[in-house]
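[1] Sharing a sequence plus its predicted fold:
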Amino acid sequence: MSLRLQARKLACERDDRWLFRDLDLELHAGEIVRVEGPNGSGKTTLLKILSGQLADFDGELYWNEHPMRRTRQDFLANLLYLGHAPGVKAALTPLENLAWYQALAGEPDDEPARFAALSAVGLVGFEDLPAGQLSAGQQRRVALARLELIPRPLWVLDEPFTAIDRDGVADLEARLAAHARRGGCVLVTTHHELADTPALRRIRLGQGARDVEL
Amino acid sequence: MSNSDPHLAREADAVRLFREPEGGAGVAIRATLKRDLVLLMRRRSEVLNPLVFFALVITLFPIGISPDPELLATIAPGLLWVAALLAALLSLDSLFRSDYEDGSLEQLLLSPQPLPALALAKVAVHWLLTGLPLALMAPILGIMLALPAGSYAVLALSLALGSASLSLIGAIGAALTVGLSRGGVLLSLLVLPLYIPVLIFGAGAVQAAIFGEGVAAHLAILGALLAVALILAPWAIAASLRISING
Amino acid sequence: MWAFIHKLGSPKWFYGISARLSPWFWAAAALLIVVGSVWGLAFAPADYQQGNSFRIIYVHVPAAFLAQSIFVSMAIAGFVFMVWKIKVADMAAAMMAPLGAAMTFVALFSGAVWGVPTWGTWWMWDARLTSMLILLFLYFGVIALRGAFASRDSASRAASVLAMVGVINIPIIKYSVDWWYTLHQPATFSVTSRPAMPLEMWAPLLIMVLGFYCFFIAVTLMRTRSEILRRESNKRWVRELAGEVN
């Protein structure tokens, strides 16, 4: 299992200004990479580009040394992305939500695993309530349960700590560290200050508010 | 090759912990079908609204034109088809909207499964809970419009066939406008011109049945339109969803 | 071939080459349209059925041709943009849409005017006119969709997809409308499907059609050039052109 995501000369322009330019970066197994920068500096955009959602950028992406265009399917099979919106259906129960994600990810249908994932994020007793009746933090936890449920090496997490209480934050931080330790890779944006570990690396965005000039 | 090398041990560990997806697209498609069916069954009003709208529009015509059964009978095939088409259109905007708003749509796009197939599953559910009920309800409204006998089965059949094409074509428009805050009117503008061939042959089938002509040709053309839509629309829907998620 | 496509894709190169080409198209358009109009309006023989009113054909038919061709060109440009990410293609497509809608409107309007002496009414649900009307709605859809997006890249790609979907549907719409028309009004005289015209009638028509095409190319080149300047106004070569940078 190799894991290497590279970006070369990445540049993204929005409304006639560069969010970032000439950005080279590499993600390896065993790393936690935190993207930092003020609001509007393009953190979410960068995460969307690196998770293969945006096409409107300059530069090249490589997944395990191959251009992303040709390895997209393999890349997606290794990726777990958590966006701003939790992706939790209000009318479905947490169990039903996870069942869909399990099938969508190509995992075998496994109800005990879903229960285990929900209990790992502290949702025991809420498995069969419609997610719409849960609090925002609990809905976010349903989304985070996917990290337990679906074994993928590359995690791309956009503000995963939003709406989570203090215990949950500590749990999640430990989970990120554990993931890196066992050879996974985490790319994350967050306003929460992550504890310094050897695995943690930072990428700073935000000097991008220059006029476009070629 | 000893396990004492920490690097190698970690690699082996990783192989055990991270699996590549095993289930094929079939599992994902079935799960998506099931999920959308459950979702719509829990929000029944979304299923019922197009049907009520259909009945309401049909009620407006005798009031607006004339209650004369002879007059109504001549225009009934067209009225029923146009009203059903508008009712189907009405329900399209919600096809991808809630998925877009709660973030499920980006997850759908990032799954390692073929997106056209998943989109097709969503459209199938839309047809099953909108087009098919409209087709089953149309004969009842046909009675109210004094639709001549002998054309009721053809009405239901042509609507069932035609509404599948309408769902597929409409889903392209819904996918293109899902990222726009006021996409509703625009959706109609994009989709209605493309509905015209289906309308022509659908209403034509009912008319042919009334005149006692063969309806096989009309239904065959409706079937052909559906086949073309089935082949091409999923790709267009997938491409459109990818565009919409870009914002 | 690849090098050529990429060269064509560079806005700067396109800006240069189009500057050299467009005067020729303007000249050809002016010459052909003047010759065609004078010949068609003054010298071509009058129609044995419709008299002089048939002469509106010299506007109606070229406009109708162009209306359909522009939609096809727009879809091709959209395809080129989607597949090879050539931005000039998208700029051209964006500039073609209003012109296509205008041509569709001209075809509809001239058809309506033609209807007065022929049918005694401004509007008949004639197959040709109905197809034109639907085409006009398709143009409106593409223009409206492009305008609705905040991000230019999304707008371009959405408009490209819609143009491609539309171009697949145009023949289907056309045939189904023809079929619908013959079903409902089998005996009515249709203005444009007519017996073979004598040479003196169709030669000026051919010249007019060619003139309209040259006009379309010239206008598209000109408008694409200004669109290039607008979209690339921050690029160095444009600023050099404007004399801002030495």
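    Yep, that arrived.
[2] in the sheet, who's paired with C:Gly51?
    Beta-bridge partners of C:Gly51, counted by DSSP bridges, are C:Asp47.
[3] Number of residues surrounding it?
    10 (other CB atoms under 10 Å in any protein chain shown). Yep, even glycine has a C-beta here, placed from its N, CA and C like the rest.
[4] same question, C:Lys235
    With other CB under 10 Å as criterion, C:Lys235 counts 17.
[5] Over to C:Tyr48?
    Neighbour count for C:Tyr48, taken as other CB under 10 Å: 7.
[6] Okay, it and C:Gly40: tell me how far apart.
    Noted for C:Tyr48: a distance of 17 Å to C:Gly40, by CB to CB, to the nearest Å.
[7] how close does the closest residue to C:Gln50 other than its chain neighbours get to chain A?
    Spatial nearest neighbour of C:Gln50, chain neighbours left out: C:Thr118 (6.4 Å); criterion: CB to CB, 6 or more residues apart in numbering or on different chains. From C:Thr118 over to chain A the distance is 51 Å, taken as CB to the nearest CB, to the nearest Å.
[8] mind checking the SS state of C:Thr118?
    Here C:Thr118 takes the helix state, with states given by DSSP: H, G, I helix; E, B strand; the rest coil.
[9] B:Ala149 too?
    Going by three-state DSSP: B:Ala149 is coil.
[10] Can you get me a residue count around it?
    Counted with other CB under 10 Å, the neighbours of B:Ala149 add up to 9.
[11] for it, phi and psi?
    phi -60, psi 160 (degrees, to the nearest 10).
[12] Check the gap between it and B:Leu105 for me.
    47 Å.
[13] Kindly report the same for C:Thr121.
    Relative to B:Leu105, C:Thr121 is positioned 49 Å away (CB to CB).
[14] for B:Gly142, same thing?
    38 Å.
[15] ok, now B:Leu192?
    Computed as CB to CB, the B:Leu192 to B:Leu105 distance reads 24 Å.
[16] So those two - more neighbours on which side?
    Legend: neighbour count by other CB under 10 Å for B:Leu192 and B:Leu105, higher for B:Leu105 (23 against 19).
[17] secondary structure class for the nearest residue to the more buried one once chain neighbours are set aside?
    Nearest non-adjacent residue to B:Leu105, counting by CB to CB, 6+ apart: B:Asp99, 4.2 Å away. The three-state assignment at B:Asp99 reads helix, by three-state DSSP.
[18] count of neighbours near B:Asp99?
    21.
[19] Make sure it is actually in contact with B:Leu118.
    No: B:Asp99 lies out of contact with B:Leu118 (CB atoms under 8 Å); the separation is 10.8 Å.
[20] Pull up the overlap in contacts between these two.
    Overlap of the contact sets of B:Asp99 and B:Leu118 (by CB atoms under 8 Å, 6 or more residues apart in numbering or on different chains) consists of B:Leu108.
[21] mind checking pLDDT for the residue most central in space within chain B?
    Centroid check for chain B by CA atoms, centre = their mean gives B:Ser167 as the closest residue, at 2.6 Å. For B:Ser167, the model assigns a pLDDT of 97.
[22] and what of A:Leu187?
    Note on A:Leu187: pLDDT of 93.
[23] Return the residues in contact with the residue nearest to C:Glu227 when sequence neighbours are not counted.
    Excluding the flanking residues, the one nearest C:Glu227 by CB to CB, 6+ apart is C:Met91, at 4.5 Å. Contacts for C:Met91 (CB under 8 Å, 6+ apart) come out as C:Pro11, C:Thr224, C:Glu227, C:Ile228, C:Arg231.
[24] so who does the second one touch?
    Looking back up the chat, that one is C:Thr224. Counting by CB under 8 Å, 6+ apart, C:Thr224 makes contact with C:Phe14, C:Ser18, C:Val88, C:Met91, C:Ala92, C:Met95.
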